[in-house]
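Engineer: Any chance you could fold what I've pasted below:
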Amino acid sequence: MITRIFRISNPFHYVLFFTALLSLYIFQRYSNYIDFGSIDFFNETLALTFFLLTMFLLVFIITKNNLTQNNSFGALYFTLLIFLIPQALIDTKLIISNAFVLLSFRRIFSLESKQNLKKKYFDAAAWLTLAMLFYHWAILYYAPLLLTIILVSFDRLKHFLVLFFGIIAVYVLGFLFHIIFGMDLNLVHLEFPKHKFDFWSLSEISKAFVIIVFLIGIGAFLNLIINLIFKNNKYKMGFIVLSMMLLIGLIIPLISFDPSIANALFLVFPLSVVAANFSEKENTFWLSNLLLLLIITLAFLKLGFNI
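Structural biologist: Residues are numbered from 1 along each chain as shown. I've put the predicted structure just below:
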């Protein structure tokens, strides 16, 4: 079946995923341009750089922290899930914020080693603050960062202060940029945009699509929690953090009421890891193939009918 192909990590798989994602990115960003002279090349270069960074961080975080076995499932599900929300690739700020969130969690996952904690907490807080400046609902990701202080730190007050200094450092640098270059980085006034979203006004296909995607997310979250409770996992703290990432990724689209559900981009990384863990188990062979076929079908429906 399909999952057997990706059970062993292969460079060809990553070339395939990269090509598919880059093709989708180019199509989403440029298919509606009539006059290519009107393209903002700085904005487009920035968006592409951070999107490529996101793909690199996915592989790096999974490999470095042993979140999956030696297979290509994580990258496979990441690619398919991006195809489910192609509208997210149009929003430059969302792409940048998501990349900064992953940069922060790269440091958060490494806290389990209990080495260089102060530097890691400072970096994680700084990256999250940058993420929040581009998409303010990213503020919710401070929750797992604060939780790690309770789980890992023996000097909690000191590390809380380190987080504070990491946040302040970003604001100080931001004000300096504002003074020197006149750039308005919106450092003081935080806006949490809400959109008028009426679920019942959606088409029947769109309703089914939204329900299925969120059911997959909730199922993945429950599966992760069950594994944490009943299994003695060497990397337990990492999976606790992952479960919080997944929960926050589910909450953000609900509380922001974005009708495009583009901010489900934050859900893609944790859901990819959980789905990869599910697929690599021998006793879930048929279910994992069914899950993969379901996501592929949804991706084709999304692209074909623009639901």
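
Engineer: where in the stretch 101-250 of the chain is pLDDT low?
Structural biologist: 153, 178, 181-210, 212-213, 216-217, 220-221, 223-235 (pLDDT under 70).

Engineer: can you map out the helices along it?
Structural biologist: 117-134, 142-152, 156-181, 204-230, 236-256 (DSSP state H, counting those that start in this stretch).

Engineer: and among those, the most buried is which?
Structural biologist: helix 117-134 (a mean of 22; mean count of other CB atoms under 10 Å). Backbone N, C-alpha and C define where each C-beta goes, glycine included.

Engineer: Just the CA coordinates for that one, please, in PDB.
Structural biologist: Listed next in PDB are the C-alpha coordinates belonging to helix 117-134 (Å, rounded to 0.1, in the frame of the first residue of the first chain):
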ATOM      1  CA  LEU A 117      18.700  26.600  29.400                       C
ATOM      2  CA  LYS A 118      19.000  30.400  29.800                       C
ATOM      3  CA  LYS A 119      20.100  30.900  26.200                       C
ATOM      4  CA  LYS A 120      17.400  28.600  24.900                       C
ATOM      5  CA  TYR A 121      14.600  30.300  26.900                       C
ATOM      6  CA  PHE A 122      15.900  33.700  25.700                       C
ATOM      7  CA  ASP A 123      15.900  32.600  22.100                       C
ATOM      8  CA  ALA A 124      12.500  30.900  22.300                       C
ATOM      9  CA  ALA A 125      10.900  34.000  23.900                       C
ATOM     10  CA  ALA A 126      12.500  36.300  21.300                       C
ATOM     11  CA  TRP A 127      11.300  34.200  18.300                       C
ATOM     12  CA  LEU A 128       7.800  33.900  19.800                       C
ATOM     13  CA  THR A 129       7.600  37.700  20.200                       C
ATOM     14  CA  LEU A 130       8.600  38.200  16.600                       C
ATOM     15  CA  ALA A 131       5.900  35.600  15.600                       C
ATOM     16  CA  MET A 132       3.300  37.600  17.600                       C
ATOM     17  CA  LEU A 133       4.200  40.900  15.900                       C
ATOM     18  CA  PHE A 134       3.300  39.300  12.500                       C
END
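
Engineer: relative to helix 142-152, how tilted is it?
Structural biologist: 170 degrees (axes from the mean of the first three to the mean of the last three CA atoms, to 10 degrees).

Engineer: that older thread, would a markdown table of the helices of the stretch 101-250 of the chain with distance to residue 72 be doable?
Structural biologist: Output for those, formatted as a markdown table (distance: least, CB to CB, whole Å):
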| stretch | distance to residue 72 |
| --- | --- |
| helix 117-134 | 27 |
| helix 142-152 | 26 |
| helix 156-181 | 34 |
| helix 204-230 | 18 |
| helix 236-256 | 19 |
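
Engineer: which stretch among these comes nearest residue 295?
Structural biologist: With CB to CB as the measure, helix 204-230 is the member of those nearest residue 295 (7.6 Å).

Engineer: Quick check: which element contains the residue nearest the centre of the chain?
Structural biologist: Central residue of the chain (CA atoms, centre = their mean): residue 266, 3.5 Å from the mean position. Taking DSSP states H and E as the definition, one finds residue 266 inside helix 265-279.

Engineer: Would you mind putting the CA coordinates of that helix into PDB?
Structural biologist: Extracted in PDB, the C-alpha atoms of helix 265-279 (Å, rounded to 0.1, in the frame of the first residue of the first chain):
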ATOM      1  CA  LEU A 265      -1.200  26.700   8.900                       C
ATOM      2  CA  PHE A 266      -0.100  26.700  12.600                       C
ATOM      3  CA  LEU A 267      -1.700  23.200  12.800                       C
ATOM      4  CA  VAL A 268       0.300  21.700  10.000                       C
ATOM      5  CA  PHE A 269       3.500  20.900  11.800                       C
ATOM      6  CA  PRO A 270       2.200  19.200  15.000                       C
ATOM      7  CA  LEU A 271      -0.500  17.400  13.000                       C
ATOM      8  CA  SER A 272       2.200  16.100  10.500                       C
ATOM      9  CA  VAL A 273       4.200  14.700  13.400                       C
ATOM     10  CA  VAL A 274       1.300  13.000  15.100                       C
ATOM     11  CA  ALA A 275       0.100  11.500  11.800                       C
ATOM     12  CA  ALA A 276       3.600  10.300  11.100                       C
ATOM     13  CA  ASN A 277       3.800   8.600  14.500                       C
ATOM     14  CA  PHE A 278       0.400   6.900  13.700                       C
ATOM     15  CA  SER A 279       1.500   5.700  10.300                       C
END
